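>>> Please work out how this folds:
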Amino acid sequence: MKPASTQSAIVAIGIGTLLAAALVAFGTAVVQNYGWAVFGAAPLVCGTLVGLVYAWGTKPRVASLAGIASIAGTVALFTLLLLGQEGLICIIMALPIVLPLYVIGGICAWSLLHLSRSDRARNLCVLFGIGLTPLWMGLEGRIHNPTEIAVRTAVSIDAEPAIVWREVIAFTPIPEPREWWFRAGIAYPTHAEIRGSGVGAVRLCHFSTGAFVEPITVWEENELLAFDVAEQPLPMIEISPWDIHPPHLDSAVRSQRGMFELERTADGHTRLTGTTWITVHMMPHAYWSAVTAWIVHRIHLRVLHHIQRNAEA
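Below is the predicted model of the structure:
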């Protein structure tokens with residue numbers, strides 16, 4: 001039996017990329033659901049298809065099929081960037097979950113080649129997966145329930161709570177960030193202002209992409225400030241050759257409410273804790289919640305360290 005050729009690899013990657021682009025477009029643009037079907041079923045099915053097309057008339061080693069599937073996954077993701085379906089930041093975030101599933105798809109192709117002697121049976125399995133994936137996307141969009149996470153960050157400030165409080169309710173402009181993730185496009189806080197005083201006042205926390213509108217719900221001076229989030233800006237500016245606005249910028253992650261707690265410690269310092277409650281509408285929840293928490297924690301640190309510097313000065 002002849003070995004798989006370079007030409008078959010190119011054909012397999014091309015077919016897999018076209019299928020991936022079509023499935024992602026349906027899931028994100030039509031159904032507007034970023035769930036298991038988009039991040040799980042689609043790469044698994046595409047990886048299996050790539051493996052079977054690459055192995056047509058041959059039986060390559062499992063490592064070869066896993067390798068060609070991983071290459072196909074990388075090509076497919078960056079093709080989404082060139083087509084203007086997604087931005088670079090989101091593609092990089094998706095790589096850790098999408099590429100392993102492409103590899104598993106390649107392994108599934110190897111298993112089908114060795115477990116089934118019928119080309120027809122193998123083809124039916126793949127066609128079933130291709131047909132089931134958009135159906136899954138549609139159903140998942142109707143029954144999907146977001147998960148809420150709370151992100152807490154604390155710093156110790158060598159200042160009285162009254163001084164820290166003044167910096168919490170409204171703080172001066174923060175110097176431009178040096179962190180690569182903010183410079184790459186993730187939205188970052190710049191300054192804050194307060195309109196009014198007490199419960200019913202409105203705090204505006206300005207970001208690089210706009211302002212969070214935060215009606216105050218609890219005002220315990222020098223101790224506790226809590227607020228809802230009535231409006232929020234875009235979470236990032238996508239890096240793309242095109243002017244794009246994927247649906248996930250509006251719906252994937254939503255801030256619900258926040259809180260600052262001030263506690264005087266035994267050493268005369270003030271422990272300042274910032275908490276943000278967020279709903280994540282993307283699956284798998286465990287992965288996207290961890291990514292979101294990491295980003296929000298960095299946002300917290302940018303604000304809290306600025307408050308710390310101002311209060312201690």
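>>> Strands along the protein, start to end?
In the chain, strands defined by DSSP state E lie at 147-157, 189-195, 202-207, 210-220, 224-228, 253-264, 270-280, listed in chain order.
>>> Figure out which of those strands is closest to Ala170.
Relative to Ala170, the nearest member of the strands of the chain by CB to CB is strand 189-195, separated by 4.5 Å. Bear in mind the C-beta positions are built from the backbone N, C-alpha and C, glycine included.
>>> Indicate each strand paired with the closest one and its parallel or antiparallel sense.
Strand pairing for strand 189-195, using DSSP bridges, gives strand 202-207 (antiparallel).
>>> how deep is Gly87 tucked in, by neighbour count?
Residues contacting Gly87 under the criterion other CB atoms under 10 Å number 24.
>>> Please name the nearest non-neighbouring residue to it.
Glu238 (2.8 Å; CB to CB, 6 or more residues apart in numbering).
>>> Surely that neighbour touches Ile244?
Yes: between Glu238 and Ile244 a contact is recorded at 5.6 Å, counting by CB atoms under 8 Å.
>>> Return the distance of Arg40 relative to Ala121.
Small correction: residue 40 is Gly, not Arg. Computed as CB to CB, to the nearest Å, the Gly40 to Ala121 distance reads 24 Å.
>>> For these two, work out which one has more neighbours and name it.
Counted by other CB under 10 Å, Gly40 and Ala121 do not tie: Gly40 has more neighbours, with 17 against 11.
>>> any idea how far Gly210 is from the more buried one?
Per CB to CB, Gly40 is found 32 Å from Gly210.
>>> do Ala12 as well
Here Ala12 is placed at a distance of 44 Å from Gly210 (CB to CB).
>>> Kindly report the same for Phe78.
The value you get for Phe78 to Gly210, if CB to CB is used, is 29 Å.
>>> Any chance you could give me stretch 18-36 in PDB, C-alpha atoms only?
The C-alpha coordinates for stretch 18-36 follow below in PDB (Å, rounded to 0.1, in the frame of the first residue of the first chain):
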ATOM      1  CA  LEU A  18     -13.300  24.800   4.300                       C
ATOM      2  CA  LEU A  19     -15.400  22.700   6.600                       C
ATOM      3  CA  ALA A  20     -14.100  24.400   9.700                       C
ATOM      4  CA  ALA A  21     -14.800  27.900   8.300                       C
ATOM      5  CA  ALA A  22     -18.400  26.800   7.400                       C
ATOM      6  CA  LEU A  23     -19.100  25.300  10.800                       C
ATOM      7  CA  VAL A  24     -17.700  28.200  12.700                       C
ATOM      8  CA  ALA A  25     -19.500  30.700  10.600                       C
ATOM      9  CA  PHE A  26     -22.800  28.900  11.200                       C
ATOM     10  CA  GLY A  27     -22.200  28.500  14.900                       C
ATOM     11  CA  THR A  28     -21.000  32.100  15.600                       C
ATOM     12  CA  ALA A  29     -22.600  34.200  13.000                       C
ATOM     13  CA  VAL A  30     -26.000  32.400  12.400                       C
ATOM     14  CA  VAL A  31     -26.700  30.700  15.800                       C
ATOM     15  CA  GLN A  32     -24.400  33.000  17.700                       C
ATOM     16  CA  ASN A  33     -23.500  30.400  20.300                       C
ATOM     17  CA  TYR A  34     -20.000  29.700  21.500                       C
ATOM     18  CA  GLY A  35     -20.500  26.300  23.000                       C
ATOM     19  CA  TRP A  36     -19.300  22.700  23.000                       C
END
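>>> List the buried residues in it.
19-21, 23-24, 26-28, 31-36 (16 or more other CB atoms under 10 Å).
>>> what mean pLDDT does it have?
Averaging pLDDT along stretch 18-36 gives 90.
>>> With stretch 140-151 instead?
In this model, stretch 140-151 has an average pLDDT of 84.
>>> Contact partners for the residue nearest to the spatial centre of the chain?
For the chain, Trp288 is the residue whose C-alpha lies nearest the centre (CA atoms, centre = their mean; 5.3 Å). The neighbourhood of Trp288, defined by CB atoms under 8 Å, 6 or more residues apart in numbering, consists of 252, 280, 282.
>>> Please report how far it lies from Ala252.
Noted for Trp288: a distance of 8 Å to Ala252, by CB to CB.
>>> what's the overlap in contacts for these two?
Shared between the contact lists of Trp288 and Ala252 (criterion: CB under 8 Å, 6+ apart) are residues 280, 282.
>>> need the contact list for the residue nearest to Val296 when sequence neighbours are not counted.
The spatially closest residue to Val296, leaving aside those adjacent along the chain, is Val151, at 4.3 Å (CB to CB, 6+ apart). Residues in contact with Val151, defined by CB under 8 Å, 6+ apart, are 275-276, 278, 292-293, 296-297, 300.
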